[in-house]
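*Asks:* 3D model of this:
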Amino acid sequence: MRKTMIGLLALLMLISVPYTANGASNLSTEQKFDVLKQKNIFTGYADGSSHLYDPMSREQLAAVLFRLLDLPGGNFTSSYGDVLKTRWSFLEIEAVTRAKLMGGTSSRIFSPLQNVTVEQLAAVFTRSYGLYGSGSTPVTGKVSKWARGAVGLALDRKLIPQLSDYTIEASRGLLVEAAYAVYEDNHTQPLRVRSVEQLSNQSVRVNLYERGDKIELGRFALKDTYGNTRAIQQAIVGQDGLSIILWTDRQIGGITHTLYVDGNPWNYVSVSDDTTKPTIISQPTKIVYKTYEIVFSEPVDQNSATNSSNYSLSDGLRLASNPQLSSDLRRVTFTTTDQSNGKTYRLTVRNVKDLAGNVMDQRSDLYFVGSNDNTKPTVTEVKIDVTTAVVSVKFSEKIDPQQAVQTYHYAIDKGLAVTQATLGNDGTTVYLRTSQQQDATVYMLTVSGIPDLAGNVMDNSTNWKFGAVSNPIVPIKVQNIKAINKNTIEVTFDRPLSNDDINRISLAGLKDNGSDVNLKDWADYAILKPGTDRTATIQFRTKESNPALFLSGHLYTARIAGLVALQSDNNSDQADFGGTVVDNPIPFASQTYMMDRKTVKVVFSEPVTNVNVSAFRIREKGGDWIDIAYVENGDPKKIVTEVVLKLSNELKSSKVYELSFQSGITDAATWNGLKTMDGAQPYVLNFNS
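*Replies:* Numbers count the residues shown, from 1 in each chain. Predicted coordinates:
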């Protein structure tokens, strides 16, 4: 659905606060910039880089808005004394001024070079949606009084992240994120509605013909038959994606209501008044330092929800101030006095009413773990892996795992893009993958906006330098391990293996049903599995040459080592596998046949080595031994799966011949000799001439 932000203000007045579902786009900030650059919404710098970590000026914001919203131009007269017609941004500044998106900083002064703050960015973009008032997301960080409502609305739409301070300068990365959200909104297809039904006097279900994964409140508006607007507080997509539950202001029972979905009307008669008590549907969730949130099942009464006497805490902990109720009337935030680290506190809530006057049942089973941490995380080390070109960023403490992997928190100069951020198992180290690095180049990394687990947001950390690695080895991870017999496994990786990889691969650790296995006396032999370039076959022995190591009914966990650039984050160097009933048979000759009167081929059950002419004997059945001249292309050091025997004399036609074997040939690992006996008798293969 194409929502024209400007020019449809009459329609936008009907629309409540929209919400963009988490995960609407899996692109990194740099990739979003590339998309917007292709659409000529962003232009980039002369060096081709995005400068996502730089602050942005008011005229840069005006230029992006002009192109993003496709604002009309014209032969404008100058509105500002500091923006002349000859200035590159004159048209864009005049257009956003006339669209009432931006104004001057004082009388006839625009201040084009002044940097934009986060709260100013939020205000401009919420105006572009035609939104005014307050959002439903509580604003707990530092914010100017005039901007609190706009920041809440921007948080609802995920235009900006939750911060501890919204008065700081906004980066170009934040502008990219907000602009891309608007761009996506402008290219959303209308919902195909099958039916609309009221569930209660505060909830409506919209049934769809097709999945609707990305749902915004701005696509819905609700009125009763008398023209009264009922605000839509929340939209929840059903698990199958084919229904949407809308939570609304209280609807008067027994009258006709009209729900507008993408502007299309759907009528229903509202149900009788609400008699259901409100309930708390979440445990306390930490927002920032000493501040928590609980969520109610429906909108609740302002006075009872913010009355501190309705809340009590255990172990002497008290509320530091009255609780706050969000604009959607469902979320209550409260701040406590100083807590003891690691101590579990119980919260009791009573007497909170819903909008119909129903009083909740008391809850005394709400818990949270205390923390007095108000120390901001810092970057302590940045280094690059000279093998993989992965940049590791070490923090002073564990950081928020959701924010740690957002690439817009990391900016590198000279046009180098951060394409992926991964948090290590220690919770304190982030691994950055970048675009192609240029040889003999020094780069500088800036990290900003990442909170710790207590919600403390770091200060900007810059001037972290590292030298480029222009020819990295491709990282490798274990994908699967399988036991093919009692002492042999197949290990499959996510990229092709080189000869060097095969020579280096080893077993670094093994657990059998959770217990560590002593590998002291173990030896291994690895080859590349025939017919594939990603699977290594590894055979093991102990003091025995053919031991039973991987037994049926056992769960094994193997950790692989030795390969250059083998990744270990998230246990990507190991895998589980089950044992087997299959023994590892000694190698044997599985087939033989005559190729011509002086040539015989022998095929083996597995790769073998130490092949020598003395290991073979041929004779006519019941007759004398025939001289074997040599093994064609024979080299005892080679590993082969078949050999060709050249005879000194021709074989007779229509005869049966016997091929038997002498000791000497072994499996590729040289641990087990070729089968020469079948019980008490020699092992023989027959073939016809």
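
*Asks:* could I get the full set of helices for the stretch 151-300 of the chain?
*Replies:* Ranges of helices within the stretch 151-300 of the chain are 172-185, based on DSSP state H, counting those that start in this stretch.

*Asks:* how about low-confidence regions in it?
*Replies:* 187-188, 213-214, 239, 273 (pLDDT under 70).

*Asks:* partner residues bridging Pro575?
*Replies:* Not quite, residue 575 is Ala, not Pro. Counting by DSSP bridges, Ala575 forms beta bridges with Ala558.

*Asks:* now it: how far from Asp494?
*Replies:* In this view, Ala575 and Asp494 are 12 Å apart by CB to CB, to the nearest Å. All C-beta spots, glycine's among them, are computed from the backbone N, C-alpha and C.

*Asks:* show me which of those two is the more surrounded one.
*Replies:* Shown here are Ala575 and Asp494; by other CB atoms under 10 Å, Ala575 has more neighbours (20 against 14).

*Asks:* isn't that one up against Asn480?
*Replies:* Yes - here Ala575 reaches Asn480: they are 6.0 Å apart, a contact under CB atoms under 8 Å.

*Asks:* overlap of the contact sets of the two?
*Replies:* Residues touching both Ala575 and Asn480 (CB atoms under 8 Å, 6 or more residues apart in numbering): Val491.

*Asks:* ok, back up a step: now the common contact residues for Ala575 and Asp494.
*Replies:* Common neighbours of Ala575 and Asp494 (CB under 8 Å, 6+ apart) are Val478, Gln479.

*Asks:* beta-bridge partners for the closest residue to Lys286 other than its chain neighbours, please?
*Replies:* Nearest non-adjacent residue to Lys286, counting by CB to CB, 6 or more residues apart in numbering: Tyr292, 5.6 Å away. Bridge pairing for Tyr292 (DSSP bridges) gives the partners Lys286, Phe334.

*Asks:* tell me the contacts of Tyr292?
*Replies:* Applying CB under 8 Å, 6+ apart, the residues near Tyr292 are Pro284, Thr285, Lys286, Thr333, Phe334, Thr335, Thr336, Phe368.

*Asks:* adding neighbour count and distance to Thr276, write those out as TSV.
*Replies:* Shown next, in TSV, are the contacts of Tyr292 (neighbours: other CB atoms under 10 Å; distance: CB to CB, whole Å):
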residue	neighbour count	distance to Thr276
Pro284	22	23
Thr285	13	24
Lys286	15	29
Thr333	19	24
Phe334	23	24
Thr335	17	30
Thr336	20	30
Phe368	20	27
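
*Asks:* out of those residues, which comes closest to Tyr132?
*Replies:* Nearest to Tyr132 out of these is Thr333 (CB to CB; 22.7 Å).

*Asks:* quick one: contacts for Arg211?
*Replies:* Residues counted as contacts of Arg211 (CB under 8 Å, 6+ apart) are Asp240, Gly241, Leu242.

*Asks:* which one of these has the most neighbours?
*Replies:* Result: Leu242 is most packed of those (other CB under 10 Å), 15 neighbours.

*Asks:* pretty sure that residue sits against Leu208.
*Replies:* Yes - using CB under 8 Å, Leu242 makes contact with Leu208 at a distance of 5.0 Å.

*Asks:* would you map the helices across the stretch 1-150 of the chain?
*Replies:* Using DSSP H, counting those that start in this stretch, the helices of the stretch 1-150 of the chain run over 9-12, 29-38, 58-68, 90-98, 118-128, 148-156.

*Asks:* output those helices as TSV; include the columns distance to Tyr183 and mean neighbour count.
*Replies:* Output for the helices of the stretch 1-150 of the chain, formatted as TSV (distance: least, CB to CB, whole Å; neighbours: other CB atoms under 10 Å):
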stretch	distance to Tyr183	mean neighbour count
helix 9-12	18	12
helix 29-38	6	19
helix 58-68	7	23
helix 90-98	17	22
helix 118-128	12	24
helix 148-156	16	24
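
*Asks:* out of those, which is closest to Ser545?
*Replies:* Minimum separation from Ser545 across these (CB to CB) falls at helix 29-38, 54.5 Å.

*Asks:* let me see the domain layout of this protein.
*Replies:* 9-185, 193-269, 285-369, 379-467, 478-578, 589-688 (automatic domain parsing).

*Asks:* in TSV: those domains, plus distance to Pro278.
*Replies:* Rendered in TSV, the data for the domains of the chain read as follows (distance: least, CB to CB, whole Å):
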stretch	distance to Pro278
domain 9-185	16
domain 193-269	10
domain 285-369	4
domain 379-467	27
domain 478-578	41
domain 589-688	70
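
*Asks:* what lies in contact with stretch 352-362?
*Replies:* Contacts to stretch 352-362, defined as CB under 8 Å, 6+ apart, come from residues 201-202, 249-250, 273-280, 296, 298-301, 304-305, 310, 329, 348-351.

*Asks:* in that stretch, what's buried?
*Replies:* Buried residues in stretch 352-362, counted by 16 or more other CB atoms under 10 Å: Val352, Lys353, Asp354, Leu355, Ala356, Asn358, Met360.

*Asks:* then stretch 458-470?
*Replies:* Across stretch 458-470, burial judged by 16+ other CB under 10 Å covers Met458, Ser461, Trp464, Phe466, Ala468, Val469.

*Asks:* which of these has the weakest pLDDT?
*Replies:* In terms of pLDDT, the weakest of the buried residues of stretch 458-470 is Met458, which scores 92.

*Asks:* so what's that one up against?
*Replies:* Lys376, Pro377, Thr378, Val379, Phe395, Val447, Ser448, Gly449, Ile450, Pro451, Asp452.

*Asks:* so how far is Asp185 from it?
*Replies:* 31 Å.

*Asks:* so what does the nearest residue to Val656 once chain neighbours are set aside look like in phi/psi?
*Replies:* The shortest distance from Val656 to any non-neighbouring residue, by CB to CB, 6+ apart, is to Lys621 (4.5 Å). Torsion angles at Lys621 (phi, psi; degrees, to the nearest 10) stand at phi -50, psi 120.
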